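sequence and predicted structure, then a few things I'm wondering about:
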Amino acid sequence: LDGRPIGVEALLRWTHPGYGPVRTDVAIALAEQGGLIGRLGAWALDEACARKAQWNRQGLQALTMSVNVSPLQLGEPGLPAVVARALERHGLRPDELELEITESRGIPAGEIADRNLAGLEALGVRLAMDDFGMGHASLLHLKRFRVAAIKVDGSLSRDVMSHPVSGDIIRAIATLGHS
């Protein structure tokens, strides 16, 4: 409200030596297909926490660090322990971290995913629903776990000024999020 940033988001970018920049969705899909998403996600989380700790030492404690989590990571055992280790290694409080779960990719059902979500909530990290409105079960996901933030998909927000219905949808999502 006063113009100062309140958070940052860690974004992964890959430049292939032969092909140049690789679109993020392609890079993530390759990591998921190759079974590397857990290790890549843990590395990205650790790097983001290291940067956040550096910023804390520079007096920027008020910033929340957001990191995307692949839905496949939610289906792998031990995600809360990975997060807890990264926080501890870099001396961060859980409330300094927000994990964004991409709703458009589908959030896995099942005991492991539910245990991971419960473990992350118990740890005290913030959970955010990313790309909200693009998945097939948005409202069910809101019922399934507590989210601190809802990030509306860009396809809804891009044309909000030219399409009044988009504005109505975003207002409805904001009302839903507040409740």
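Structure's in. What do you need? The shown structure was predicted, so the numbers you read here are calculated from the model rather than taken from an experiment.

helix or strand with the lowest mean pLDDT in the protein?
When the helices and strands of the chain are compared on mean pLDDT, DSSP states H and E, helix 138-144 comes out lowest with a mean of 62.

direction included, what does the helix or strand that comes right after it pair against?
Proceeding C-terminally, helix 138-144 gives way to strand 149-152 as the next helix or strand, assigned by DSSP states H and E. Using DSSP bridges, the strands paired with strand 149-152 are strand 126-132 (parallel).

read off the pLDDT value for the closest residue to residue 50 other than its chain neighbours.
Closest residue in space to residue 50, ignoring its immediate chain neighbours: residue 90 at 5.5 Å, by C-beta to C-beta, 6 or more residues apart in numbering. Using the backbone N, CA and C atoms, a C-beta is placed for each residue, glycine as well. What the model reports as pLDDT for residue 90 is 98.

count the residues that sit near residue 90.
19 (other C-beta atoms under 10 Å).

in this structure, where's the longest helix?
helix 37-57 (DSSP state H).

touching that one from outside, list them.
Residues outside helix 37-57 that contact it (C-beta atoms under 8 Å, 6 or more residues apart in numbering): 10, 12, 28, 31, 61, 63, 65, 67-70, 72-73, 76, 82-83, 86-87, 89-92, 96-97.

in strands only, show me the residues you listed.
Mapping the contacts of helix 37-57 onto strands (DSSP state E) picks out 10, 65, 67, 68, 69, 97.
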